[in-house]
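Asker: Generate a structure from the sequence data that follows.
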Amino acid sequence: MWKIVEHKNLSKTCKNLPAQVLKKYELWKDLVFRHGPAILKNFPGFNDEKLSGMRDGQRSSRLNLQYRVIYEVENEKVIVYVLEINPHKY
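Answerer: Residues are numbered from 1 along each chain as shown. Got it, this is the predicted structure:
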């Protein structure tokens, strides 16, 4: 089992999310909690990818066409820090 730590402002953000995005985030959390972030590669809909530039060391998973969950993994097996859920900027 993995531990998921959410940023303190994330609860405020979740209140303003569309229901569909919130539901997909709950599914994302359940998968990561049970199996770890590596399982996301088995679900192409999440389009999990490593970020670069200012977000080097962080990862992103797609919740829908617009929203992404940004997270980082500590110690490869222990803690997943969910930093934010935001609309993707094209």
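
Asker: rest of the way, CA atoms for contacts and neighbours
Answerer: OK.

Asker: Quick one: the helices in the protein, in order.
Answerer: 10-15, 19-35 (DSSP state H).

Asker: Which of those helices has the lowest mean pLDDT?
Answerer: Across these, helix 10-15 has the smallest mean pLDDT, namely a mean of 88.

Asker: Could you list the buried residues of that one?
Answerer: Across helix 10-15, burial judged by 16 or more other C-alpha atoms under 10 Å covers residue 14.

Asker: begin at 175 from here
Answerer: Sounds good: first residue 175 from here, last item helix 184-189.

Asker: Which strands or helices does that helix pack on?
Answerer: For helix 184-189, the elements it packs on are strand 253-261, judged by 3 or more C-alpha pairs under 8 Å, 6 or more residues apart in numbering; DSSP states H and E.

Asker: So which residues make contact with stretch 253-264?
Answerer: Here stretch 253-264 makes contact (C-alpha atoms under 8 Å, 6 or more residues apart in numbering) with 176-181, 184, 187-188, 240-248.

Asker: right, I mislabeled it, should have said stretch 192-199
Answerer: By C-alpha under 8 Å, 6+ apart, stretch 192-199 touches 188, 237-238, 241, 243.

Asker: rewinding a little: can you tell me which of the contacts of stretch 253-264 are in strands?
Answerer: Counting by DSSP state E, the part of the contacts of stretch 253-264 found in strands is 177-180, 241-248.

Asker: Could I have the PyMOL command that selects the buried members from the contacts of stretch 253-264?
Answerer: Only the buried entries of these go into this PyMOL selection, using 16+ other C-alpha under 10 Å:
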select buried, resi 176+178+188+241+242+243+244+245+246+247
